[in-house]
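S.K.: Here is a sequence together with a model predicted from it:
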Amino acid sequence: MSEHSPTSPVLPELREHRWSWKGKAMTLAYEVMGEGKPILLLPALSSVSSRGEMRGLAEQLARSYQVYTIDWIGFGDSSRPAVPYTPALYESCLRNFVQEMFPEPVVVIAAGHAAGYVMELAQRQPPWDWAVLVCPTWRGPLPTAMGEHRWAYRILQKLVGLPLIGQVLYFLNTTRGFLAMMYRRHVFADQRNITPELIQQKQKLTKVKRSRFASAAFVTGELDRAKSREDWLSWFQPLPLPVMMVIGENMPAKSRQEVEVLAHFSGVQVYRMPGSLGLHEEYPEQLAAGILAFLEKYRSRRRPRNPQFDL
C-alpha cells in the first residue's frame with residue numbers, strides 16, 4: 001500500500017471506459033487517484049449526480065489507496081443517450097466496468113441509490129471484497145414522498161421524455177431555487193454549505209444535452225433496483241459480504257427509518273455521523289476517517305466466508 005503525506009497533492013486522472021448496451025456504444029467517464037489497493041466509489045443517483053460529489057472523499061482515501069470514481073451513464077461526463085434507463089442497464093454497465101478494471105474483488109463505497117446495485121450484484125458471485133453503503137436508499141423520490149403509484153410515475157417519465165413539454169417539466173425541476181430547496185431539505189445538513197456557487201455548479205450538470213432522461217428515470221423510481229422493502233431487506237439477510245453502513249444524523253425521516261431497520265435486523269456494521277443524504281460531499285474528512293478505521297480493522301482480521309461477520 002502506498003503512503004502519501006497529508007499535504008501531498010493527489011491529482012485525478014480522467015479516463016474513459018467504452019461499453020455497449022443493446023448494440024449502442026456508450027462511454028463511462030471515471031477518475032483514478034492515488035496508488036495502492038483499489039477502492040471503487042459510486043456516487044449517489046440524483047438529478048445532479050456526478051463523480052465530483054465524491055471528490056473530497058476520494059482525495060482523502062487516495063493518500064493510502066488507488067481510488068476509482070465513476071460517472072453513471074446518463075450523468076456527469078458519461079454518455080447521456082436518449083434510451084430507456086432501467087436497472088438492467090446500470091447493473092450491466094457496473095458489472096462490465098468492475099470485471100474489466102479489477103482482477104480481484106474490490107472494496108466498494110456506494111452512496112444513496114447506488115447501494116441497491118452493489119447489494120444486488122453481491123447476491124451472485126460478488127465482485128466486492130467489502131462494501132460501504134453511505135446513507136443507502138432503495139426508493140426514488142416520488143415513490144418515497146407520494147406512495148407506490150408506479151403507473152402514474154411511468155406516465156410522468158414518458159411526459160418528461162417528450163419534446164417541448166418534457167423540456168419544460170424538466171426545467172421547472174432544475175431551477176436554482178428548486179435545487180437549493182432540495183439541498184436544504186434532503187442533501188446537506190448545514191445551510192451555510194449551500195452556497196450560490198454550489199447551486200450554480202449543480203445546475204450546470206442539468207444543462208447538458210439529454211440530461212432529462214436519466215434524471216426522470218431516477219425521480220420516478222424507474223431506477224429502483226429493489227421494488228419492495230422485502231426485496232431490499234432480503235439482500236442483507238444473511239449478509240453476502242462484510243458491510244459497513246453509514247447513517248447520517250440529519251437524514252430525512254423516511255430514509256432514516258429504512259436504514260435504522262437495517263441497522264437493527266441485519267449484521268451490518270454501523271457508523272453514525274452528522275449529515276444528510278449528501279454527507280459524503282458535505283463531510284468527506286469525517287466520513288473518510290470512519291471508513292479508514294473500518295478498513296484497517298478489516299485488513300488486520302481477514303475473515304472466512306461466513307454469513308455473519310464481525311469486523
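M.R.: Nice, I can see it.

S.K.: Now the nearest residue to L94 once chain neighbours are set aside: which helix or strand?
M.R.: The shortest distance from L94 to any non-neighbouring residue, by CB to CB, 6 or more residues apart in numbering, is to Y117 (5.6 Å). The C-beta positions use only the backbone N, C-alpha and C, and glycine is treated the same way. Y117 is located in helix 114-122, with elements delineated by DSSP states H and E.

S.K.: Could you check how many residues crowd around the residue nearest to L94?
M.R.: 22 (other CB atoms under 10 Å).

S.K.: Other residues contacting the helix holding Y117?
M.R.: 42-45, 72, 87, 90-91, 94-95, 108, 110, 127-128, 131, 133-134, 136-138, 224-226, 232, 235-236, 240-241, 243 (CB atoms under 8 Å, 6 or more residues apart in numbering).

S.K.: Could you report the separation of T144 from I70?
M.R.: Look at T144 and I70: by CB to CB, to the nearest Å, they are 24 Å apart.

S.K.: list the buried ones in the helix holding Y117?
M.R.: 114-122 (16 or more other CB atoms under 10 Å).

S.K.: For the helix or strand containing K254, enumerate the helices and strands it packs against.
M.R.: Counting by DSSP H and E, the element that carries K254 is helix 253-265. For helix 253-265, the packing partners by 3 or more CB pairs under 8 Å, 6 or more residues apart in numbering; DSSP states H and E come out as helix 229-234, strand 243-248.

S.K.: Which of these sits closest to R185?
M.R.: Nearest to R185, of all the helices and strands packed on helix 253-265, is strand 243-248, at 13.4 Å by CB to CB.

S.K.: relative orientation of that closest one and helix 114-122 in degrees?
M.R.: Strand 243-248 runs at 170 degrees relative to helix 114-122, counting by axes from the mean of the first three to the mean of the last three CA atoms, to 10 degrees.

S.K.: Taking helix 253-265 as reference, get the angle to strand 243-248.
M.R.: Going by the same axes, to 10 degrees, strand 243-248 makes 140 degrees with helix 253-265.

S.K.: hmm, who's touching strand 243-248?
M.R.: Contacting residues not belonging to strand 243-248 are listed as 119, 130-136, 189, 236, 256, 259-260, 262-263, 266-277, 279, 287, 290-291, 294, 309, 311 [CB under 8 Å, 6+ apart].

S.K.: can you do 6 Å?
M.R.: Here strand 243-248 makes contact (CB atoms under 6 Å, 6 or more residues apart in numbering) with 131-135, 259, 268-272, 275-276, 279, 294.

S.K.: picking up where we left off before, for the helices and strands packed on helix 253-265, give me CSV that also has distance to A217 and mean neighbour count.
M.R.: CSV is the format used below for these (distance: least, CB to CB, whole Å; neighbours: other CB atoms under 10 Å):
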stretch, distance to A217, mean neighbour count
helix 229-234, 19, 14
strand 243-248, 25, 24
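
S.K.: Rebuild these as TSV, extending it with distance to L57 and mean pLDDT.
M.R.: Below are the helices and strands packed on helix 253-265 laid out as TSV (distance: least, CB to CB, whole Å; pLDDT from 0 to 100):
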stretch	distance to L57	mean pLDDT
helix 229-234	24	93
strand 243-248	11	97
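
S.K.: starting at the chain centroid, how far to stretch 74-93?
M.R.: How far stretch 74-93 lies from its chain's middle: 14 Å, per CA atoms, centre = their mean, to the nearest Å.

S.K.: let me redo that: stretch 44-51
M.R.: With CA atoms, centre = their mean, you get 7 Å for stretch 44-51.

S.K.: list the buried ones in stretch 198-206?
M.R.: Using 16+ other CB under 10 Å as the test for burial, stretch 198-206 gives 198-199, 202-203, 205-206.

S.K.: hmm, what's the outermost residue in this structure?
M.R.: In the chain, L164 marks the outermost C-alpha relative to the chain mean, sitting 30.1 Å out by CA atoms, centre = their mean.

S.K.: Report how many residues lie close to K37.
M.R.: The burial count for K37: 16, using other CB under 10 Å.

S.K.: same question, P196
M.R.: 9.

S.K.: Pull the helix or strand that contains L41 out as CSV, backbone CA atoms only.
M.R.: Assigned by DSSP H and E, L41 belongs to strand 38-42. C-alpha atoms of strand 38-42 as CSV (Å, rounded to 0.1, in the frame of the first residue of the first chain):
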residue,chain,number,x,y,z
PRO,A,38,-8.1,-0.2,-5.3
ILE,A,39,-11.3,1.2,-3.9
LEU,A,40,-14.3,2.0,-6.2
LEU,A,41,-16.5,5.0,-5.4
LEU,A,42,-20.1,5.1,-6.7
